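[1] 3D, please:
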Amino acid sequence: MSKSQKFERVKDYIESLPEDSQRIIKKLRTFIKKQIPEAEEVISYNMPAFRIADGVVIWYAAFKEHVSVFPRSSKLKSLAAFDGGKGTVKFPNSQPLPFDVIEDFIKVRLKEVAADKKAKTK
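    Take a look at the predicted model:
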């Protein structure tokens with residue numbers, strides 16, 4: 001995947017990745033789909049994301065040595081071990097994905113997105 005490559009579909013993004021990264025990102029994608037089945041898959045900021053009516057819940061991306069989810073929620077202490085800085089959570093490719101942590105992250109993000117939407121409509 002080149003940094004200048006622009007994606008219109010999640011499938012295109014995943015297919016552009018090396019095989020090892022595809023395997024990991026597909027596991028992450030499947031897990032997120034199960035957690036928020038009502039969400040629409042979109043490309044946002046040139047990376048895959050899951051969006052509900054109130055906004056984007058989670059973005060995710062693959063890198064050479066890790067996968068990341070964005071944005072990092074400061075409300076979850078369990079994410080501290082995976083802090084990548086600049087609103088990023090990094091999960092090393094060398095370790096199994098921490099699905100329990102990702103599930104908690106999604107729950108918090110759903111609440112944050114709903115609260116953000118509510119605040120904007122006041």
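[2] list the buried residues in the helix or strand hosting D12.
    Using DSSP states H and E, D12 maps to helix 10-15. Buried positions in helix 10-15, judged by neighbour count with 16 or more other Cβ atoms under 10 Å: 10, 13-14. Where you see a C-beta, it was placed from the backbone N, CA and C, and this is true even at glycine.
[3] downstream of it, the next helix or strand is which one?
    Next along the chain from helix 10-15, counting by DSSP H and E, comes helix 19-35.
[4] how far does that following helix sit from its chain's centre?
    10 Å (Cα atoms, centre = their mean, to the nearest Å).
[5] the inter-axis angle of the helix or strand harbouring V108 versus helix 19-35?
    Using DSSP H and E, V108 maps to helix 99-120. Per axes from the mean of the first three to the mean of the last three Cα atoms, to 10 degrees, the angle that helix 99-120 makes with helix 19-35 is 60 degrees.
[6] dump helix 99-120 to PDB, restricted to CA.
    Output of helix 99-120 as PDB, limited to C-alpha atoms (Å, rounded to 0.1, in the frame of the first residue of the first chain):
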ATOM      1  CA  PHE A  99     -10.800  -8.400  21.900                       C
ATOM      2  CA  ASP A 100     -11.900  -7.700  25.400                       C
ATOM      3  CA  VAL A 101     -10.200  -4.400  25.300                       C
ATOM      4  CA  ILE A 102     -11.500  -3.600  21.800                       C
ATOM      5  CA  GLU A 103     -15.000  -4.500  22.900                       C
ATOM      6  CA  ASP A 104     -14.800  -2.100  25.900                       C
ATOM      7  CA  PHE A 105     -13.300   0.600  23.500                       C
ATOM      8  CA  ILE A 106     -16.300   0.200  21.200                       C
ATOM      9  CA  LYS A 107     -18.800   0.500  24.000                       C
ATOM     10  CA  VAL A 108     -17.200   3.700  25.300                       C
ATOM     11  CA  ARG A 109     -16.900   5.100  21.700                       C
ATOM     12  CA  LEU A 110     -20.700   4.500  21.100                       C
ATOM     13  CA  LYS A 111     -21.500   6.500  24.200                       C
ATOM     14  CA  GLU A 112     -19.000   9.300  23.200                       C
ATOM     15  CA  VAL A 113     -20.400   9.500  19.700                       C
ATOM     16  CA  ALA A 114     -24.000   9.800  21.100                       C
ATOM     17  CA  ALA A 115     -23.000  12.400  23.600                       C
ATOM     18  CA  ASP A 116     -21.100  14.400  20.900                       C
ATOM     19  CA  LYS A 117     -24.200  14.300  18.700                       C
ATOM     20  CA  LYS A 118     -26.400  15.400  21.600                       C
ATOM     21  CA  ALA A 119     -24.100  18.300  22.400                       C
ATOM     22  CA  LYS A 120     -24.100  19.500  18.800                       C
END
